[in-house]
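Asker: Please find the sequence and the predicted model below.
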Amino acid sequence: MFNLILFGPPGSGKGTQSQKIIDKYGLKHLSTGDLLRSEIAAETPLGLEAKGFMDRGQLVPDEVVIGMISSALDANPDANGFLFDGFPRTEAQAEALDKLLKLKKTAIHLMLALDVAEPELISRLLNRGKTSGRSDDTNEDVIKARITEYHKKTSAVADYYMKFDKVKHIPGEGTVENIFDSISAEIDKKVK
Ligand code: B4P
């Protein structure tokens with residue numbers, strides 16, 4: 001089993017690269033952003049609670065996303081590995097994930113952190129907002145709030161995994177293909 005975290009600020013290419021990683025390596029993709037947007041579309045109580053936080057550019061409460069990931073792990077007992085995209089985003093989420101994986105007698109093997117400068121993040125997200133229909137991508141103030149949340153609460157998650165020597169940084173600017181080649185090279189070192 002191989003478990004990977006794809007990490008980085010909003011707009012760093014996590015969703016874009018995740019698609020390519022699951023196609024090549026056959027991992028089960030768990031994106032908390034996608035899971036939350038499905039709950040919102042289905043108008044579930046969880047979705048209704050999450051929507052207000054997401055529209056303001058804030059993180060959804062830890063217990064909500066941890067519960068969602070726990071259910072998703074249980075729902076995929078035969079997966080040969082997981083790609084965590086956009087999770088964990090706080091140290092509490094990282095600790096909870098370690099415990100959940102330990103119960104399944106596995107662990108995180110690698111965190112790949114995509115490095116992208118802030119002006120590029122803002123321009124990518126505003127650009128996606130023109131076509132995605134995502135309300136959190138159309139307003140520059142909300143995008144900036146998401147980046148502030150990242151610096152306040154999420155960037156420390158890389159320090160958490162650094163203690164266990166599990167983090168590799170990937171330059172996240174350039175073509176999608178070149179970035180994917182760097183990602184593949186790091187994964188291949190671990191799975192071969
Ligand atoms: P997410 O869905 O995770 O959204 P994201 O961080 O904005 O997206 P991502 O990083 O995947 O986008 P990508 O760069 O691929 O989260 C949304 C919200 O959900 C959060 O703000 C939060 O409220 C909530 N949430 C999610 N998980 C949570 C958690 N664990 N805890 C609490 N709250 C949580 O794409 C961006 C754009 O860049 C695209 O248009 C893409 O085409 C473009 N792009 C990608 N690579 C490029 C490249 N190399 N060059 C140019 N453009 C590129």
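Answerer: Received the coordinates, thanks. All figures in this text were calculated on a predicted structure; none of them were measured in a lab.
Asker: For the ligand, what is the nearest residue in the protein?
Answerer: Closest approach between the chain and the ligand, counting by C-beta to the nearest ligand atom: residue 33, at 1.8 Å. Every residue, glycine included, has its C-beta placed from N, CA and C.
Asker: For that residue, which non-adjacent residue is spatially closest?
Answerer: residue 86 (4.7 Å; C-beta to C-beta, 6 or more residues apart in numbering).
Asker: From residue 184, how far out is the one you found?
Answerer: Computed as C-beta to C-beta, to the nearest Å, the residue 86 to residue 184 distance reads 20 Å.
Asker: Quick check: residue 50 touching residue 41?
Answerer: No: counting by C-beta atoms under 8 Å, residue 50 stays clear of residue 41, with 11.3 Å between them.
Asker: between those two, which one's more packed in?
Answerer: In this view residue 50 and residue 41 are compared by other C-beta atoms under 10 Å, and residue 50 has more residues nearby, 23 against 9.
Asker: touching the ligand at all, the host helix or strand of the more buried one?
Answerer: For residue 50, the host element (DSSP states H and E) is helix 45-55. Yes: for helix 45-55, a contact with the ligand is found by C-beta under 6 Å from any ligand atom, at 53, 54.
Asker: Stretch 164-181 too?
Answerer: Yes: against the ligand, stretch 164-181 shows contacts by C-beta under 6 Å from any ligand atom at 176, 179.
Asker: Span of that stretch from start to end?
Answerer: Its first and final residues considered, stretch 164-181 spans 25 Å by C-alpha to C-alpha, to the nearest Å.
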